[in-house]
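Asks: one predicted model, sequence on top.
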Amino acid sequence: MFNTARRALFAAVFAGAAGPVFAADFVEPQVVEQAPPQPAYEQPVDVGGWYIRGDVDYHWSKFSGADYITYGPPPGTNSFSSGSLKGAFSAGAGVGYQINEHFRTDLTGDYWFKSNFDGGTADLDTTSVEVSKMSAFLLLANAYADLGTYHGITPYVGAGIGGAHIKWDDVRDPNTTEFNPGSSNWRFAYALMAGASYCLTDRVKLDVGYRYSHIQGGRMFEYDTTSSGPGFDHGFNNHEVRGGLRYQFGKSDCAPQQEAYVPEPEPVYTK
């Protein structure tokens, strides 16, 4: 009986002493706090490379007048009393390079189909009606500034410089058999343009715009061996409404862009 009580007392003392020791050895788990969200970094737009283009337009050309030589009597220089060119279509193509998302350049060539010319001359007491046709090939080196993309539309402005090959048909008076052979020659030209493009696919853009171009004056017709010639026109101011397609071989801003990069949050450990 005494031994049993002694053993029970010993066990109770041992348990009371061992409790704090085991409690001291127990370590609570560390608290892990979520790191604050990291800022998102936009992926840079990497655009550039070669492209080709095709365009059509309808243009109106303002005829600025013409002078011609007469052999008399008396000899001298006379001017057309009137003259106008009808509107006509053109078709063109070009190759260009997209430098970055804001700047590009290209070389374009446009063939202008024949425009009808109606004019008149007045020489002393003689007046006549003159008719002809004019066609042209316009070659320009152009530079553009793309002004940013808004709802899929990218407006732009640009300028070009180059030359135009002008070809006049024979200048005739329909009331007589006389005519002056038409002339053809290269002339200086420049252009200013504005428009907008729209992505149709990841590489194809629709391009619609307006172009003003000026072609310098030059020889219009040769002499007719009887009374007059040669003649020289004063040039043309042209207004063009244009539409076409551009195909991008390089990295196009029409392709889907990568989503903004968000770094994985780093855990923060606290004791």
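Replies: Thanks, I have the structure now.

Asks: just the helices in the stretch 1-150 of the chain please.
Replies: With DSSP state H, counting those that start in this stretch, the ranges of helices along the stretch 1-150 of the chain come out as 2-25.

Asks: where are the low-confidence patches of it?
Replies: 1-45, 72-75, 123-126 (pLDDT under 70).

Asks: try 80 this time
Replies: The model of the stretch 1-150 of the chain has pLDDT under 80 over residues 1-47, 71-77, 122-127.

Asks: which stretches in it count as strands?
Replies: For the stretch 1-150 of the chain, applying DSSP state E, counting those that start in this stretch gives strands covering 31-33, 49-63, 66-71, 75-85, 88-98, 103-123, 126-146.

Asks: ok now do Gly235, which residues does it touch?
Replies: Neighbouring residues of Gly235 by CB atoms under 8 Å, 6 or more residues apart in numbering: Ser64, Arg187, His214, Ile215, Gln216, Gly217, Gly218. (C-beta placed from N, C-alpha, C; glycine too.)

Asks: in the helix or strand harbouring Trp186, which residues are buried?
Replies: In the assignment (DSSP states H and E), Trp186 maps to strand 184-199. Residues of strand 184-199 classed as buried by neighbour count (16 or more other CB atoms under 10 Å): Arg187, Ala189, Tyr190, Ala191, Met193, Gly195, Ala196, Ser197, Cys199.

Asks: direction included, what does it pair against?
Replies: Applying DSSP bridges, strand 184-199 is found paired with strand 153-168 (antiparallel), strand 204-221 (antiparallel).

Asks: and those: which comes nearest Ser81?
Replies: Closest of the strands paired with strand 184-199 to Ser81 is strand 204-221, at 15.0 Å (criterion: CB to CB).

Asks: show me what counts as buried in the closest one.
Replies: Neighbour counts over strand 204-221 (16+ other CB under 10 Å) mark 205, 207, 209, 211, 213-221 as buried.

Asks: one more: stretch 54-63?
Replies: Asp55, Asp57, His59, Trp60, Ser61, Phe63.

Asks: relative to Gly109, which of those is nearest.
Replies: Relative to Gly109, and with distances defined as CB to CB, the nearest of the buried residues of stretch 54-63 is Asp55, at 10.0 Å.

Asks: list the contacts for that closest one?
Replies: Asp55 touches Ala91, Gly92, Ala93, Gly94, Thr108, Asp110, Asp207, Arg242, Gly243, Gly244, counting by CB under 8 Å, 6+ apart.

Asks: any idea how far it is from Leu138?
Replies: From Asp55 across to Leu138, the span is 11 Å (CB to CB, to the nearest Å).

Asks: that older thread, so can I have CSV of the contacts of Gly235 showing distance to Val131?
Replies: As requested, the contacts of Gly235 are exported to CSV (distance: CB to CB, whole Å):
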residue, distance to Val131
Ser64, 18
Arg187, 22
His214, 24
Ile215, 20
Gln216, 23
Gly217, 20
Gly218, 20
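
Asks: from the residues you listed, which single one is nearest Ile99?
Replies: Relative to Ile99, the closest of these is His214; by CB to CB it sits at 26.5 Å.

Asks: distance of that closest one relative to Gly229?
Replies: 26 Å.

Asks: equivalent analysis for Pro181, please.
Replies: Pro181 sits 8 Å away from Gly229, taking CB to CB as the criterion.

Asks: could I get the phi/psi values of Asp253?
Replies: phi -80, psi 0 (degrees, to the nearest 10).

Asks: please name the nearest non-neighbouring residue to it.
Replies: Val47 (4.6 Å; CB to CB, 6 or more residues apart in numbering).

Asks: would you agree the one you found is in contact with Gln98?
Replies: Yes. Under the criterion of CB atoms under 8 Å, Val47 makes contact with Gln98 at 6.0 Å.

Asks: so between these two, which is more surrounded?
Replies: Gln98 (24 against 20; other CB atoms under 10 Å).
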